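> take a look and give me a structure for this.
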Amino acid sequence: MDGGPRSTEELPGRRVDEPLAEPSLDAAAIRPGPQRGQVDLSIVVPVYNERENVAELHRLLASTLPALGRTYEVIVVDDGSTDGTDRALAELAAHDRRLKVIELRRNFGQTAAMAAGFDYARGDVVIPMDGDLQNDPADIPRLLAKLEEGYDLVSGWRRERSEGVLRTFPSRVANWLIGRATGLRLHDYGCTLKAYRSDLVKEIKLYGEMHRFLPALAHLMGARVAEIPVAHHPRRFGRSKYGLTRTFKVMLDLVTVRFLSSHGTKPIYVFGGSGILLCLAGVATAAFSLYEKLARGIYVHRNPLILLAVFLFLLGFSFVLMGLLAELIIRTYHESQAKPIYWVRHVHNVDAEERTLP
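Below you'll find the model as predicted:
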């Protein structure tokens, strides 16, 4: 770990470095609903085949969290483990009422497991972390201290990573690309250890493999994001669930995030704009074919450019139609399901009954 608080504050578009137990419950029987009995902290830990690690992680959390002087809960989401992780968690939960265990029916992936933990979380602050002992619970107080400076999200930065270059180099490339595409330049998007204000994390709907883009999605909502260095320990038990193929998934997901951030509510701009350019290119190519006929005597049926002109025009027209269809889908998405197009940070002198528009 670092020898004292050092942080990196993140502002939109630029980087500023500062040197500075209840009984087990059947998942099918209970669904997350209106939460009662709010707590200060919810620690969310998605796990998959981490039987050797969960007991030690529980011990570390149990020795760190009470010293904070805040109420807390630990939510461990078992993402369809097959190595006995579920039994190990059930034994721990039987002796610790603060430990909540959510068992998924099969392996749905880290994003789904994290989303389940967020849905069940009751804390004012939600802190996800990995279950492989590579994240250090001792960093939680520092995340909270930074959050209390007025940020909505504090992201961990594994400055001294324990993996080799085959893992760290693709990660650096991905972090750079995500920062360039979203305007939020973090050193380490892939670090699970983060601190969120609950009102923020409840607004973000996760799907696919979008958990790694949570800071970028929060940034697009107007959240204030900071980053601080955190410890990163070598894996002691089990094996990593990630490989180099994750880099390609990041690239594809980044295209989605970029599109949603720029054209998520106005797809006609990207489809229609591209279509108009293609139609104009088709018209220009046809005009050049006509010029060759008049100036050089090359007849249309002997000029392949006329085929290119027709192709470009039809392709552009199809793009415009795709944009119109996308606009219809977006209108249905927002109007029939009341999806928000803005997020409010604070209100003043507004009564509760005034917050819901007719």
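> the helices in the stretch 251-358 of the chain, which residues?
For the stretch 251-358 of the chain, helices defined by DSSP state H, counting those that start in this stretch occupy the ranges 267-296, 305-337.
> let me fix that, I meant to ask about the stretch 101-250 of the chain.
110-120, 140-147, 165-182, 198-201, 214-220, 245-263.
> how many other residues sit next to Pro215?
Neighbouring residues of Pro215 were enumerated by other CB atoms under 10 Å; the total is 26. For the C-beta atoms, the positions are set from N, CA and C on the backbone; glycine is no exception.
> roughly how far apart are it and Gln38?
Relative to Gln38, Pro215 is positioned 25 Å away (CB to CB, to the nearest Å).
> dump the helices of the stretch 251-358 of the chain to CSV, plus mean pLDDT.
Listed next are these as CSV, based on pLDDT from 0 to 100:
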stretch, mean pLDDT
helix 267-296, 88
helix 305-337, 84
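> closest to Asn49 out of the ones you listed?
helix 305-337 (36.3 Å; CB to CB).
> give me the helices and strands touching the closest one, please.
Using 3 or more CB pairs under 8 Å, 6 or more residues apart in numbering; DSSP states H and E, the elements in contact with helix 305-337 are helix 267-296.
> got the domain boundaries for the chain?
8-263, 267-337 (automatic domain parsing).
> now, of the ones you listed, which is deepest in the fold?
Here the criterion is mean neighbour count by mean count of other CB atoms under 10 Å, and of the domains of the chain the winner is domain 8-263, at a mean of 18.
> got the contact list for Asp124?
Asp124 makes contacts with 38-41, 197-198, as judged by CB atoms under 8 Å, 6 or more residues apart in numbering.
> the helices of the stretch 251-358 of the chain: which one's closest to Ala121?
helix 305-337 (23.3 Å).
> measure Gly69 to His187 for me?
30 Å.
> one more: Ser171?
Applying CB to CB to Ser171 and His187 gives a distance of 10 Å.
> got it, and Gln38?
33 Å.
> now do Asp199
Using CB to CB, we find Asp199 at a distance of 26 Å from His187.
> same thing with Met114?
21 Å.
> and what of Leu92?
Taking CB to CB, one finds Leu92 at 33 Å from His187.
> swap in Ile204?
From Ile204 to His187 the distance is 21 Å (CB to CB).
> kindly report the same for Lys202.
26 Å.
> swap in Ile102?
Ile102 is 31 Å from His187, by CB to CB.
> what's the answer for Gly123, then?
Taking CB to CB, one finds Gly123 at 26 Å from His187.
> select the longest strand from the protein.
The strand spanning the most residues in the chain, taking DSSP state E as the definition, is strand 39-47.
> by how many degrees do the very next helix or strand once past that strand and helix 140-147 diverge?
Counting by DSSP states H and E, the next helix or strand C-terminal to strand 39-47 is helix 51-64. Between helix 51-64 and helix 140-147, the angle comes out at 60 degrees (axes from the mean of the first three to the mean of the last three CA atoms, to 10 degrees).
> can you start the count at 464 instead of 1 from here on
Shifting the count to begin at 464 puts that one at helix 514-527.
> low-confidence bits of the protein, can you list those?
464-500, 625-630, 671, 700-711, 713, 723-728, 796-821 (pLDDT under 70).
> please report the distance of the residue of it most remote from its centre from Ser752.
The outermost residue of the chain, judged against the average C-alpha position, is Gly760 (59.8 Å), by CA atoms, centre = their mean. As for Gly760, its distance to Ser752 is 12 Å (criterion: CB to CB).
> if we can go back for a sec, between the helices of the stretch 714-821 of the chain, which gets nearest to Val517?
Using CB to CB, the helices of the stretch 714-821 of the chain put helix 768-800 closest to Val517, at 37.7 Å.
> list the contacts for the closest residue to Ala789 other than its chain neighbours?
Ranked by CB to CB, 6 or more residues apart in numbering and with sequence neighbours excluded, the top spatial neighbour of Ala789 is Pro730, at 3.6 Å. Pro730 makes contact with 786, 789-790, 793 under the criterion CB under 8 Å, 6+ apart.
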